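**Student:** here is my input, please return the structure:
(one chain, ligands or ions: 1)
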Amino acid sequence: MKVITSISDMQESVDAELRLNHTIGFVPTMGYLHEGHLSLVDQAKKENDFVVVSLFVNPLQFGPNEDFDQYPRDFNRDRKVAEDAGVDVLFCPQAVEMYPRTPVVSVSVDQRTNVLCGQSRPGHFNGVATVLTKLFHIVVPNRVYFGRKDAQQAAVIEGMVEDFNFRLDIVTCPTVRETDGVALSSRNIHLSQTEREEARNLYQSLQYGERFYNAGETNVQQLQTKVLEFLEKNIHEGVIDYVDVLSYPDLTKKQTCTGDMIIAIAVQYKKARLIDNIILIGK
Ligand code: PAF
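**Tutor:** Numbers count the residues shown, from 1 in each chain. As a prediction, this is how the structure comes out:
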């Protein structure tokens with residue numbers, strides 16, 4: 001596996017693959033790799049000749065009071081995990097390489113952000129869209145892999161790829177979970193033992209909502225209330241940030257479930273904000 005830190009070296013490596021008519025699969029990450037990331041790498045390896053993983057904690061997507069400094073980082077561990085997983089290139093630029101000056105142009109996301117994490121993290125998706133635009137231009141991937149856990153991110157980026165005519169496919173892969181249902185996240189490392197135990201209730205609340213939907217409940221307010229009640233009963237260490245039921249991928253409010261819908265939740269613990277969701281497939 002090659003470790004590349006400069007944009008020009010990354011572009012050279014990509015050009016060599018393109019000359020061979022190789023397809024490129026790309027997994028953008030902020031590091032602290034876990035099984036969730038590895039499931040994306042596995043999928044990318046199945047579908048492409050060459051797999052690039054980026055490792056970059058993007059300052060643009062963190063608000064002033066968010067966890068940029070605390071975001072877990074362990075380069076040596078990530079390098080080994082990526083190498084063992086069969087990644088071809090680990091692209092890990094420094095911030096000054098990605099943003100050598102105040103950007104003249106950045107990406108502003110207009111839809112799908114006034115709800116869920118977009119509401120509590122103003123500017124977050126602009127930062128995500130801006131860094132991914134740069135990374136897509138640098139890596140020139142055929143396919144880019146995202147986890148379903150970050151469903152709003154996937155919906156925003158799918159929209160951006162369509163709007164800006166990027167010649168790549170977004171592949172969204174299922175959320176990888178611990179045996180008790182907790183969605184894997186680099187931030188889980190910051191949970192205390194009690195918080196970690198309690199966190200299993202996030203997925204359980206989503207399954208609880210899904211059961212009502214499967215039993216025929218299509219009133220959005222009712223579903224939202226059921227999930228919220230479950231969380232209020234079972235979450236004591238954390239603070240519930242939001243519970244919402246929206247159309248997917250448009251992320252608009254509806255009164256009745258029509259087409260695919262998402263139940264999405266976020267809980268703020270002391271040092272980690274956890275998000276999770278479940279997609280309700282339209283009947
Ligand atoms: O999901 C993430 O880890 C980040 O938002 C991403 C896509 C790597 C952009 O910085």
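
**Student:** going forward, measure contacts and count neighbours with C-alpha atoms only.
**Tutor:** Will do.

**Student:** check contacts around the closest residue to the ligand within the stretch 101-250 of the chain.
**Tutor:** At 4.9 Å from the ligand, residue 128 is the closest residue in the stretch 101-250 of the chain, using Cα to the nearest ligand atom. The neighbourhood of residue 128, defined by Cα atoms under 8 Å, 6 or more residues apart in numbering, consists of 58, 60-61, 153.

**Student:** let's see 7 Å
**Tutor:** residue 61 (Cα atoms under 7 Å, 6 or more residues apart in numbering).

**Student:** just the element for it, please.
**Tutor:** helix 124-139 (DSSP states H and E).

**Student:** buried stuff in that helix?
**Tutor:** Buried residues in helix 124-139, counted by 16 or more other Cα atoms under 10 Å: 124-133, 135-136, 138-139.

**Student:** then stretch 42-60?
**Tutor:** Quick answer for stretch 42-60 (16+ other Cα under 10 Å): 43-45, 48, 50-60.

**Student:** from the residues you listed, which land in strands?
**Tutor:** Taking DSSP state E as the definition of strands, these contribute 50-55.

**Student:** off-centre distance for stretch 248-257?
**Tutor:** 20 Å (Cα atoms, centre = their mean, to the nearest Å).

**Student:** do stretch 274-282 as well
**Tutor:** For stretch 274-282, the distance to the chain centre is 13 Å (Cα atoms, centre = their mean).

**Student:** who's in contact with it?
**Tutor:** With Cα under 7 Å, 6+ apart, stretch 274-282 has contacts from 149, 183, 202-203, 206, 210, 258-268.

**Student:** try 8 Å
**Tutor:** 149-151, 183, 187-188, 202-203, 206-207, 210, 213, 248, 257-268.

**Student:** which parts of the chain sit against the ligand?
**Tutor:** 28-30, 58, 128 (Cα under 6 Å from any ligand atom).

**Student:** out of those residues, which is nearest to residue 159?
**Tutor:** residue 128 (12.9 Å; Cα to Cα).

**Student:** so what's the residue of the stretch 1-150 of the chain found nearest the ligand bridging to?
**Tutor:** As assessed by Cα to the nearest ligand atom, the ligand sits closest to residue 29 within the stretch 1-150 of the chain, at 3.7 Å. Here residue 29 sits in beta bridges with residue 55, going by DSSP bridges.

**Student:** please identify the buried residues of stretch 243-254?
**Tutor:** Buried residues in stretch 243-254 (16+ other Cα under 10 Å): 243-251.

**Student:** inside strands: which ones of these?
**Tutor:** 243-247.

**Student:** could I get these as JSON lines with pLDDT and distance to residue 220?
**Tutor:** JSON lines is the format used below for these (pLDDT from 0 to 100; distance: Cα to Cα, whole Å):
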{"residue": "243", "pLDDT": "98", "distance to residue 220": "11"}
{"residue": "244", "pLDDT": "98", "distance to residue 220": "9"}
{"residue": "245", "pLDDT": "98", "distance to residue 220": "6"}
{"residue": "246", "pLDDT": "98", "distance to residue 220": "8"}
{"residue": "247", "pLDDT": "98", "distance to residue 220": "10"}
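
**Student:** helices or strands next to the host helix or strand of residue 208 in the packing?
**Tutor:** Assigned by DSSP H and E, residue 208 belongs to helix 200-214. Counting contacts by 3 or more Cα pairs under 8 Å, 6 or more residues apart in numbering; DSSP states H and E, helix 200-214 packs against helix 220-234, strand 261-268, strand 273-280.

**Student:** having no further points to raise, I will conclude here.
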